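Undergrad: how would this look folded up:
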Amino acid sequence: MRKTSTSTLALTFDWEEVRRQFQCPAQAWTGAWAAVGAEMPKRLDVWLATYTALAALAGRNMHWYYVGANMYGMVYSLCIAPTGSCKQLPADICNALLPEGYQILDAVQSGPGVLTALQGKTRDDKGIWDSVPTLFIVTEWTKLVKNSGIQHSTLGEDLNSIFHRPHRWNVTRSNRDGGGNHVIHKPTLSIFGTTTPEAFLAEVGEAHISSGFINRYLILPGGMRRWEFWPNDMDLPESPDLVLKDVAAGWARDLTGHTLGKGRKFPEAFTPEAAEAMRIWGQPYFGSLMAEATALSNIKARLHFYAYHIALLSTWARKAHLVQLQDVAMATCAVETSAKFIDFLYHREVIPLTTVDFSNAMVEQALLARIEKNPGFFTAYKLRESLRRQGVTMAKITAVLDPLIRNKIVRIDPDSMGLVKLADEPLFLRTLAPGRPTRDEFLRKPTK
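TA: Got it, this is the predicted structure:
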C-alpha cells in the first residue's frame with residue numbers, strides 16, 4: 001500500500017442523494033411564493049432567495065415580541081450547493097425581487113465596514129445616523145467567515161449584535177480619519193449567502209458555532225439542477241430580471257410600508273387552528289433538540305425562531321392579519337428540511353477521492369503534525385474537523401486521538417485549551433515490540 005498524504009485529499013458529497021432527499025415540497029409555494037414559483041424552478045434555493053427578498057423588504061415593518069426578544073422581518077440565510085450548480089441563480093432572484101433603489105451590497109471586510117454600509121446620509125439632533133435598509137448578497141459566503149477570523153476583527157460579533165437588534169448600535173473608531181463614536185438608529189440588515197459544502201466545512205470552526213454566528217442563518221441546500229455542458233433549452237430558467245419584473249413591481253407597490261405586529265406578543269398572530277398545529281408539531285420536535293449540548297445541536301438551536309419567523313413573514317406577505325394553517329405548513333417543512341440537511345453535512349461519511357485506506361499510524365502522524373505545527377491552536381473538536389474534511393472518518397480520528405490524550409502523548413494547554421505535543425514519538429511507535437522496524441520502515445508498511 002502506498003503512502004498517501006491526507007492533506008491532498010478532496011472532500012466530496014453524494015449530491016445525487018441530496019437531490020433525492022431534499023425536494024422542495026408543494027406547501028412551500030403558497031402565498032407570496034406562488035408568483036415566483038410560477039416563473040422560476042420550484043427548488044429550495046429559489047424558495048430561500050424568495051424568503052430572503054421578502055424578509056429584506058419587510059425589514060422593521062414586521063415586528064413581534066418573541067419569548068423575550070424582538071422579531072423583525074430581516075433574515076440571514078445561506079444556500080449550500082456544489083461547484084458548477086449555478087449558485088448565481090438564487091442570488092440573481094433575490095436581487096431581482098427587490099425594488100429599484102433598495103441597497104444591495106457584497107460582503108464587508110470589518111465591523112466598521114458594516115457601519116459604513118448601513119449608515120444613512122442624515123443624523124438627528126443627537127448625532128445618531130439613520131439606517132439604510134440593506135441586503136448583503138454574498139456569492140462566496142465564506143468571505144464573511146474568513147474576514148471575521150482576522151486578528152482583532154469584530155465582524156462576527158457585530159453581525160451577531162445587529163441581528164434583530166431593537167435599539168441603536170454603535171461603533172467606536174480611533175480619532176484619526178473621521179473616527180470617534182458612530183451610532184446608527186435601528187440597523188436593518190439581511191444577508192443572502194451561497195457557498196459549497198467543502199468551503200463551509202473548511203471555514204466554519206468551533207468558535208463560529210459556539211458564538212451563534214452560524215445558527216443565525218437559515219441553511220438550505222441548492223444544486224438541484226445537474227450540470228450539463230449543453231443543456232436542453234427548455235430546462236433553462238429565464239433571466240430573473242425579465243420574468244420577475246412584474247412580481248417585484250407588485251411587491252414594491254403592495255408591500256412597501258405594510259406593517260404587521262407593532263411589537264405585540266407573537267401568540268396573538270395565530271388563529272386557534274394554526275396555534276394548535278404549531279404546538280403539536282413543535283413541542284416534541286424541539287424538546288429533544290434543545291436538551292442536547294453538542295456542536296451540531298448548537299447549529300440548529302435557532303430553528304425554533306425560524307419556525308415562527310417563516311409563518312409570520314408569510315402572513316405579512318399575504319397582507320393578512322393572522323397566521324393560517326398554510327403558513328404553518330410552509331414553516332414546518334422549511335425548518336425540518338434545514339435540520340435534516342445540517343445533519344447530512346455533519347453526519348454523512350465523506351467520499352475520499354482515493355481507494356487508499358488510512359491506517360491508524362498514518363492518521364496519528366497527520367494529527368501530531370498539525371499539533372506540532374500549531375501548538376495550542378487545535379482543540380480536540382478542531383482537530384477532528386480538520387482531518388474529517390480531508391476524507392478520514394470521524395470514527396478513525398477518535399480511535400487515534402483519544403489514546404494520544406489518555407496516554408499523555410499530547411495534553412490540553414490550560415491557557416489556550418488547545419492541544420500541545422509532549423512525547424517525541426507517536427503512541428503506535430512507542431508501543432511496538434522490541435526489535436521494532438525503523439520509523440521509515442513502519443510508515444512504509446502501515447498497520448490497520
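Undergrad: To what extent is residue 95 buried, counted in neighbours?
TA: As a burial measure, residue 95 scores 19 neighbours (other Cβ atoms under 10 Å). No exception for glycine: its C-beta is placed from N, CA and C like everyone else's.
Undergrad: from the chain's centre, how far out does the helix or strand harbouring it sit?
TA: Counting by DSSP states H and E, the element that carries residue 95 is helix 88-96. The chain centre lies 18 Å from the centre of helix 88-96; the measure is Cα atoms, centre = their mean, to the nearest Å.
Undergrad: Please name every helix or strand in contact with that helix.
TA: With contacts defined as 3 or more Cβ pairs under 8 Å, 6 or more residues apart in numbering; DSSP states H and E, helix 88-96 has these neighbours: helix 44-58, strand 134-138, strand 189-195, helix 240-243.
Undergrad: list the buried ones in stretch 14-30?
TA: For stretch 14-30, the neighbour count (16 or more other Cβ atoms under 10 Å) marks 15, 18, 22, 24, 25, 27, 28, 29, 30 as buried.
Undergrad: contacts for it?
TA: Residues outside stretch 14-30 that contact it (Cβ atoms under 8 Å, 6 or more residues apart in numbering): 37, 42-44, 46-47, 82, 85, 220-221, 223-224, 226, 314, 326, 329-330, 333-334, 337, 340-341, 344, 348, 351.
Undergrad: ok, of these, which come out buried?
TA: Buried members of these, counted by 16+ other Cβ under 10 Å: 37, 42-44, 46-47, 82, 85, 220-221, 223-224, 314, 326, 329-330, 333-334, 337, 341, 344.
Undergrad: Okay, and which of those map to strands?
TA: Cross-referencing these against strands under DSSP state E gives 220, 221.
Undergrad: And the closest residue to residue 418 other than its chain neighbours, how far from residue 205?
TA: With Cβ to Cβ, 6 or more residues apart in numbering as the criterion, residue 418 has its nearest non-adjacent residue at 3.9 Å, and that residue is residue 376. Separation of residue 376 from residue 205 (Cβ to Cβ, to the nearest Å) stands at 15 Å.
Undergrad: try residue 372
TA: For residue 372 relative to residue 205 (Cβ to Cβ), the value is 20 Å.
Undergrad: how about the strands in the chain?
TA: 62-66, 69-72, 76-80, 103-105, 119-123, 129-131, 134-138, 169-173, 180-184, 189-195, 217-221, 260-265, 410-412, 419-421.
Undergrad: And the contacts of the third one?
TA: Around strand 76-80, the neighbours that count as contacts under Cβ under 8 Å, 6+ apart are 44-45, 48-49, 51-52, 55, 87, 90, 141, 159, 163, 190-197, 200, 216-223, 341, 345.
Undergrad: Tell me how many other residues crowd residue 115.
TA: If you count neighbours by other Cβ under 10 Å, residue 115 ends up with 22.
Undergrad: mind listing what it touches?
TA: Applying Cβ under 8 Å, 6+ apart, we find residue 115 in contact with 158, 169, 171, 182, 184.
Undergrad: between the residues you listed, which is nearest residue 322?
TA: residue 169 (32.2 Å; Cβ to Cβ).
Undergrad: so what's that closest one up against?
TA: Neighbouring residues of residue 169 by Cβ under 8 Å, 6+ apart: 115, 161, 162, 183, 184, 187.
Undergrad: Who wins on neighbours among those residues?
TA: That'd be residue 187 among the contacts of residue 169, by other Cβ under 10 Å, with 26 neighbours.
Undergrad: Residue 295 is in contact with residue 209, correct?
TA: Yes: at 5.2 Å, residue 209 counts as touching residue 295 under the criterion of Cβ atoms under 8 Å.
Undergrad: Identify the contacts common to the two.
TA: Common contact partners of residue 209 and residue 295 (Cβ under 8 Å, 6+ apart): none.
Undergrad: Alpha carbons only: can I get stretch 312-331 in PDB?
TA: Taking C-alpha atoms only, stretch 312-331 is exported to PDB below (Å, rounded to 0.1, in the frame of the first residue of the first chain):
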ATOM      1  CA  LEU A 312     -45.200  35.300  10.400                       C
ATOM      2  CA  LEU A 313     -43.400  36.600   7.300                       C
ATOM      3  CA  SER A 314     -45.700  34.500   5.100                       C
ATOM      4  CA  THR A 315     -48.700  36.200   6.800                       C
ATOM      5  CA  TRP A 316     -47.100  39.600   6.400                       C
ATOM      6  CA  ALA A 317     -46.500  39.000   2.700                       C
ATOM      7  CA  ARG A 318     -50.100  37.900   2.200                       C
ATOM      8  CA  LYS A 319     -51.200  41.200   3.800                       C
ATOM      9  CA  ALA A 320     -53.300  39.000   6.200                       C
ATOM     10  CA  HIS A 321     -53.800  39.700   9.900                       C
ATOM     11  CA  LEU A 322     -53.500  36.100  11.300                       C
ATOM     12  CA  VAL A 323     -51.300  33.100  10.700                       C
ATOM     13  CA  GLN A 324     -53.200  30.300   8.900                       C
ATOM     14  CA  LEU A 325     -52.500  26.600   8.500                       C
ATOM     15  CA  GLN A 326     -50.900  27.200   5.200                       C
ATOM     16  CA  ASP A 327     -48.300  29.400   6.800                       C
ATOM     17  CA  VAL A 328     -47.500  26.800   9.500                       C
ATOM     18  CA  ALA A 329     -47.200  24.100   6.900                       C
ATOM     19  CA  MET A 330     -44.600  26.100   5.000                       C
ATOM     20  CA  ALA A 331     -42.700  27.000   8.100                       C
END
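Undergrad: buried ones in that stretch?
TA: 312-318, 320, 323-324, 326-331.
Undergrad: Check the residues you listed and tell me the two furthest apart.
TA: 316 and 329 (16.7 Å).
Undergrad: returning to what we had before: go through the buried residues of stretch 312-331 and flag which are in helices.
TA: If you go by DSSP state H, the buried residues of stretch 312-331 have 312, 313, 314, 315, 316, 317, 326, 327, 328, 329, 330, 331 in helices.
Undergrad: for those residues, which one is nearest residue 304?
TA: Residue 304 lies nearest to residue 331 out of these, by Cβ to Cβ, at 10.5 Å.
Undergrad: the helices in the stretch 301-448 of the chain, which residues?
TA: Shown for the stretch 301-448 of the chain, the helices assigned by DSSP state H, counting those that start in this stretch span residues 303-317, 325-347, 360-373, 380-388, 394-406, 427-430, 439-444.
Undergrad: Looking at the ones you listed, which one is packed in the most?
TA: The highest mean neighbour count among the helices of the stretch 301-448 of the chain, using mean count of other Cβ atoms under 10 Å, belongs to helix 303-317: a mean of 24.
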